[in-house]
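Asks: My questions are about this predicted structure, shown below with the sequence.
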Amino acid sequence: MKYQFPEGFWWGSASSAAQMEGASQEGGKGSNVWDYWYTQEPNVFYNGVGPQTVTDFYHRYEEDIKLMKEFGHNSFRTSISWSRLIPEGKGEINQEAVKFYNNVIDQLIANEIEPFMALFHFDMPWEMQKIGGFENRDVVEAYKDYAGACFKLFGDRVKYWFTFNEPIVPVEGGYLNQTHYPRKQDFKAAVQVTYNTMIAQAKAIEEYKKQHQSGKIGVILNLSPVYPRSDNPFDEEAAYIADLFHNRSFLDPSIKGEYPEKLIEIIKRYNLMPDIQPGDKELIRQNTIQILGVNYYSPRRVKAKETLPNPYSPITPEWFYDNYEMPGRKMNPYRGWEIYEKGIYDIMIRIRDEYGDIERYVSENGMGVENEDRFIKDGMVQDDYRIEFVKEHLKWLYRSIQEGCNVKGYHMWTFIDNWSWLNAFKNRYGFISLDLKTLKRTPKKSAYWFKEMTKNNGFEE
Ligand code: BG6
């Protein structure tokens with residue numbers, strides 16, 4: 001069968017500023033939460049590797065962009081580092097950063113690679129975190145000004161903007177499970193930060209429209225379809241609630257301009273309501289997204305709670321459901337995540353049916369592998385498993401397009417193996433492998449496959 005994708009389909013990969021640029025103390029950059037955290041607790045990072053150098057894109061972007069071109073990219077997503085552009089988070093703009101991002105954008109365009117740009121990928125400037133990060137409405141204002149500066153400086157060439165990448169991840173990591181700064185355990189703060197992030201998004205979109213920019217602005221969400229263990233109503237209710245927390249808390253206000261009633265009801269019942277300011281509701285309603293990025297790795301499977309939560313333990317989303325390890329599910333043996341390719345189709349169909357079929361694309365999908373060097377043969381990582389992974393997801397994506405979904409592209413996570421927060425370089429995701437000592441880039445087998453596939457705008461099988 002032939003999987004021929006529509007003309008003009010976006011092919012490429014994604015990364016982010018903090019994960020690839022390096023030069024974290026160079027070029028006038030201010031610290032972000034990761035730079036700061038590393039100075040405090042280097043050992044919480046896998047093998048003690050911090051954010052200073054990573055893939056060194058800051059110094060090697062010309063070489064890397066050429067490689068992207070060579071390996072079939074017509075688009076690439078990264079992010080602007082807030083703390084590089086505005087070292088203190090608010091105030092003065094760092095001209096060295098302006099020069100760097102201008103060069104990167106121009107270089108991408110010169111290579112016929114469309115830049116897709118996120119404004120925030122988990123990297124809160126430290127000066128902003130010091131005053132509470134998105135718990136504080138002043139930081140929301142600073143983010144809006146930062147976004148406005150980015151549109152003014154780069155909006156003549158960047159036509160695809162994303163307010164946030166996976167905005168729920170720093171909330172869950174920072175306020176529920178301690179994998180992101182400020183590593184608290186506080187559901188009420190988590191709700192406030194979720195809410196304020198949405199206000200920040202709405203303000204950035206409002207600003208984008210005010211500037212009469214000619215591109216599109218949206219958000220990138222990690223959407224995992226939630227499957228109940230069974231059709232027992234208790235399991236179904238558990239799945240409904242998990243979906244409210246993990247998907248709809250950003251999806252609904254971003255696309256529909258309002259929060260789901262049921263989510264508000266739960267938040268109220270548990271006394272978790274955030275501080276809301278006059279005009280907020282209208283702001284969210286008026287400033288919905290124009291394009292959606294969908295990051296998909298794994299499904300979420302849940303079941304009804306088997307024991308009542310301890311009423312004295314801090315409340316978390318897991319008060320409402322238990323995770324379910326479905327017997328026989330297919331696992332990625334090298335990263336420990338479930339692989340369920342049809343999930344990508346289920347998400348796309350749901351957005352078609354429940355969210356007005358908004359223009360969207362797969363903004364991340366990929367397979368992490370620990371100790372990937374064990375698969376080197378003839379000087380190259382023979383990552384047939386990754387080719388298989390991408391192919392199987394693309395088949396389902398193709399089917400969703402055949403069934404009318406407004407899907408415009410596919411970005412793999414990631415191009416060159418990159419640094420991944422506390423996991424540092426533990427799990428490798430790239431088309432290109434990175435030698436951590438020499439920073440040498442070597443294409444993996446999947447890079448050649450991707451090159452061929454994108455040349456044909458699809459594949460046959
Ligand atoms: C994605 C994030 O969800 O997961 C990336 O957007 C991250 O920033 C990626 O690097 C992989 O995570 P991990 O923990 O497997 O390295």
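Replies: All right, it came through fine. Numbering: from 1, shown residues only.

Asks: so where's the protein shaky on pLDDT?
Replies: Under the criterion of pLDDT under 70, none of the chain is flagged as low confidence.

Asks: residues touching the residue in it that the ligand sits nearest to, list them.
Replies: Nearest residue of the chain to the ligand: Ser420, at 3.2 Å (Cβ to the nearest ligand atom). Just so you know, the C-beta spots here come from the backbone N, C-alpha and C atoms, and that holds for glycine as well. Taking Cβ atoms under 8 Å, 6 or more residues apart in numbering, we find Ser420 in contact with 19, 426-427, 429.

Asks: Ser219 looks like it's in a strand, true?
Replies: I think there's a mix-up here, since residue 219 is Val and not Ser. Yes: with the criterion set as DSSP: H, G, I helix; E, B strand; the rest coil, the secondary structure at Val219 is a strand.

Asks: Can you name the residues bridging to it?
Replies: Residues in a beta bridge with Val219, per DSSP bridges, are Leu292.

Asks: That one: how many residues sit nearby?
Replies: For Val219, the number of neighbouring residues by other Cβ atoms under 10 Å comes to 30.

Asks: now Ile264
Replies: Residues within reach of Ile264, counting by other Cβ under 10 Å, total 13.

Asks: Then Glu354?
Replies: By other Cβ under 10 Å, 13 other residues sit near Glu354.

Asks: now the one 10 residues further on
Replies: The number of residues packed around Glu364, counting by other Cβ under 10 Å, is 23.

Asks: again, but for Glu258
Replies: Burial of Glu258 is recorded as 13 neighbouring residues (other Cβ under 10 Å).

Asks: isn't it right next to Arg285, touching?
Replies: Yes: judged on Cβ atoms under 8 Å, Glu258 makes contact with Arg285 at a distance of 6.4 Å.

Asks: about what we covered before: what would the contacts of Ser420 look like in JSON lines with distance to Trp161 and secondary structure?
Replies: Written out in JSON lines, the entries for those read as follows (distance: Cβ to Cβ, whole Å; DSSP: H, G, I helix; E, B strand; the rest coil):
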{"residue": "Gln19", "distance to Trp161": "19", "secondary structure": "helix"}
{"residue": "Lys426", "distance to Trp161": "31", "secondary structure": "coil"}
{"residue": "Asn427", "distance to Trp161": "28", "secondary structure": "strand"}
{"residue": "Tyr429", "distance to Trp161": "24", "secondary structure": "coil"}
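
Asks: Check these one by one and keep those near the ligand.
Replies: Contacts with the ligand within the contacts of Ser420, counted by Cβ under 6 Å from any ligand atom: Asn427.

Asks: ok, of the contacts of Ser420, which one's closest to Ser13?
Replies: Each of those was checked against Ser13 using Cβ to Cβ; the closest is Tyr429, at 9.1 Å.

Asks: pretty sure that closest one contacts Trp413?
Replies: Yes: the pair formed by Tyr429 and Trp413 meets the contact definition of Cβ under 8 Å, at 5.2 Å.

Asks: Quickly list what's touching both of those two.
Replies: Common neighbours of Tyr429 and Trp413 (criterion: Cβ under 8 Å, 6+ apart): Gly366.

Asks: Confirm Lys90 sits in a helix?
Replies: No: in this structure, Lys90 is coil, not part of a helix, as judged by three-state DSSP.

Asks: Now it: closest residue in space that isn't a chain neighbour?
Replies: Counting by Cβ to Cβ, 6 or more residues apart in numbering, Lys90 lies nearest to Ala142, which is 4.0 Å off, once chain neighbours are set aside.

Asks: Contacts for the helix or strand hosting that neighbour, please.
Replies: In this structure, Ala142 sits in helix 137-154 according to DSSP states H and E. Residues outside helix 137-154 that contact it (Cβ under 8 Å, 6+ apart): 80, 82, 85-86, 89-90, 93, 98, 101-102, 105, 117, 119-120, 124, 128, 131-134, 161, 163, 196, 199-200, 203-204, 207-208, 211, 213, 277.
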